[in-house]
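*Asks:* Pasting a predicted model and its sequence here:
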Amino acid sequence: MTDVDDSTELSRPARRQAEIAAYVVQHGSVSANDLVEAFGVSVMTVHRDLDELERQGVVRKYRGGVSAQPTSVFESNVAYRLTTASAEKSAIARHARTMIEPGMSVMLDDSTSALALVELLEDITPLTVATNFLPAITRLAQLRDVTLLALGGIYSATHDSFGGLPCAEAVGALHTDLLFCSVSAVSPTHAFHQEQEIVLVKQAMLRSARTKVLLVDHGKLQRTALHRLAPLTDFDVVVVDEKTPEDLVTALRDQGAHVEVAPL
């Protein structure tokens, strides 16, 4: 009986941390005092929980609070990215799907924009699909007539994907018909990402595909991040959603990017 009670007691911090993580993801950024009031625990307990969640890569602490939102230096956790711009990502995925034909080989990066495309592949098989994104690997493994190439490497809990040099080398051994990828920030001339390790793999993917398609919702435009991935002219197509202001679409096209607008 005592063992059961001890096990239950030990699980309480983990359950509370999961609830705090969900709260931060839902709100984007919150203060420590917000969490104290929401969960009825002490400031010290909140900071201990946030330290553990930051160690796991779920949130990012700053003075007086915590955030799940990205900055120019830090990418957001995959749980937060899965909750943002869902309608826009779905629209972009539907547009991207029209570029795929049965029998093709397709590479997908570890973006939630590319993940939205996975749900649309079932009726255009047979396909060969390569990806380093664990949620995509899990879903693709359930599809019939899909030859799945799971790209391994160094696992990142923050991104729920595999990366690093081992992954880049695995990518370099392939050459696919199509690449669908995304980034966290796009200026009128370049695509950017916060982390060099992620850029390393995405650049390998760009070299390993015949046709390269960038999927970006309007919230990623007019932004930069620490590391420059590639000029937009390196992509054969840049797909944006229809909420993108016309002047931004014009600016991208004026710089030489081939932009297609996906209707919602």
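*Replies:* Thanks, I have it.

*Asks:* Strands of the stretch 1-150 of the chain, start to end?
*Replies:* 29-31, 60-62, 65-67, 105-108, 127-131, 146-150 (DSSP state E, counting those that start in this stretch).

*Asks:* other SSEs contacting the third one?
*Replies:* Okay, so that is strand 65-67. strand 29-31, helix 32-39, helix 43-55 (3 or more C-beta pairs under 8 Å, 6 or more residues apart in numbering; DSSP states H and E). C-beta coordinates here come from the backbone N, C-alpha and C atoms, glycine included.

*Asks:* likewise the fourth one?
*Replies:* Where contact means 3+ C-beta pairs under 8 Å, 6+ apart, strand 105-108 is packed against helix 112-118, strand 127-131, strand 176-181.

*Asks:* Present these as CSV; the columns should include mean pLDDT and mean neighbour count.
*Replies:* Formatted as CSV, the helices and strands packed on strand 105-108 follow (pLDDT from 0 to 100; neighbours: other C-beta atoms under 10 Å):
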stretch, mean pLDDT, mean neighbour count
helix 112-118, 94, 24
strand 127-131, 98, 23
strand 176-181, 98, 24
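
*Asks:* Let me have these in JSON lines, extended by distance to residue 225.
*Replies:* Output for these, formatted as JSON lines (distance: least, C-beta to C-beta, whole Å):
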{"stretch": "helix 112-118", "distance to residue 225": "16"}
{"stretch": "strand 127-131", "distance to residue 225": "22"}
{"stretch": "strand 176-181", "distance to residue 225": "15"}
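
*Asks:* before we move on, the earlier item: of the strands of the stretch 1-150 of the chain, which is nearest residue 204?
*Replies:* Taking C-beta to C-beta, strand 105-108 is the member of the strands of the stretch 1-150 of the chain nearest to residue 204, at 9.9 Å.

*Asks:* Show me the shaky parts of the stretch 151-264 of the chain.
*Replies:* Across the stretch 151-264 of the chain, nothing is flagged by pLDDT under 70.

*Asks:* all strands for it, in order.
*Replies:* Going by DSSP E, counting those that start in this stretch, the stretch 151-264 of the chain shows strands at 154-156, 161-163, 176-181, 185-186, 190-193, 209-215, 227-231, 237-241, 259-262.

*Asks:* list the buried ones in the first one?
*Replies:* Residues residue 156 are the ones in strand 154-156 that count as buried (16 or more other C-beta atoms under 10 Å).

*Asks:* Tell me the helices and strands packed up against it.
*Replies:* If contacts are counted by 3+ C-beta pairs under 8 Å, 6+ apart, strand 154-156 sits against strand 161-163, helix 164-172.

*Asks:* Next: the third one.
*Replies:* Contact partners of strand 176-181 among helices and strands, from 3+ C-beta pairs under 8 Å, 6+ apart: strand 105-108, helix 112-118, helix 196-207, strand 209-215.

*Asks:* Quick test: name the residue nearest the centre of this protein.
*Replies:* residue 111 (3.1 Å; C-alpha atoms, centre = their mean).

*Asks:* how about the nearest residue to that residue, chain neighbours excluded?
*Replies:* In space, and not counting its chain neighbours, residue 111 is closest to residue 182: 3.6 Å by C-beta to C-beta, 6 or more residues apart in numbering.

*Asks:* same check, this time on residue 133
*Replies:* Using C-beta to C-beta, 6+ apart, the closest residue to residue 133 is residue 110 (3.9 Å).

*Asks:* I am finished for the moment; much appreciated.
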